[in-house]
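K.L.:
Take this sequence and fold it.
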Amino acid sequence: IYVIQFTTGHGHVDGVGYATIQAVLTGEINVGWVLALLFAAKLLATTLSLGSGASGGIFSPSLFMGATLCGSLGALLQMVV
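P.N.:
Below you'll find the predicted structure:
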């Protein structure tokens with residue numbers, strides 16, 4: 001989480017991630033590998049927090065992961081077409 005926050009200037013992975021979801025949907029974040037990295041980091045963070053018993057919920061992380069995964073797929077398809 002620290003490396004992503006240090007390199008991008010925003011804590012995309014921690015918290016609920018509504019700002020990141022909005023940025024993906026409006027096209028502000030449209031680099032495929034960055035979106036895939038955000039997906040993997042949020043998946044790891046959610047898995048670790050749920051597994052440790054510190055559940056903060058699953059709805060917002062699922063929205064975040066769906067937006068980043070589909071955004072990276074869209075970026076990949078845009079490169080192909």
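K.L.:
Need the residues that contact whatever helix or strand T7 lives in.
P.N.:
T7 is part of helix 2-8, with elements assigned from DSSP states H and E. Outside helix 2-8, the residues that touch it by C-beta atoms under 8 Å, 6 or more residues apart in numbering are G11, H12, V13, D14, V34, L37, L38, A41. Using the backbone N, CA and C atoms, a C-beta is placed for each residue, glycine as well.
K.L.:
Just give the number of residues close to L44.
P.N.:
A count of nearby residues for L44, using other C-beta atoms under 10 Å, gives 12.
K.L.:
next one: F64
P.N.:
F64: 25 surrounding residues under other C-beta under 10 Å.
K.L.:
Looking at the nearest residue to it once chain neighbours are set aside now. What's its pLDDT?
P.N.:
Nearest residue to F64 in three dimensions, chain neighbours excluded: G17, at 3.9 Å (C-beta to C-beta, 6 or more residues apart in numbering). With respect to pLDDT, G17 scores 86.
K.L.:
Contacts only, for G17.
P.N.:
K42, S60, P61, L63, F64.
K.L.:
Could you identify the buried members of the residues you listed?
P.N.:
Among these, those buried by neighbour count (16 or more other C-beta atoms under 10 Å) are K42, S60, P61, F64.
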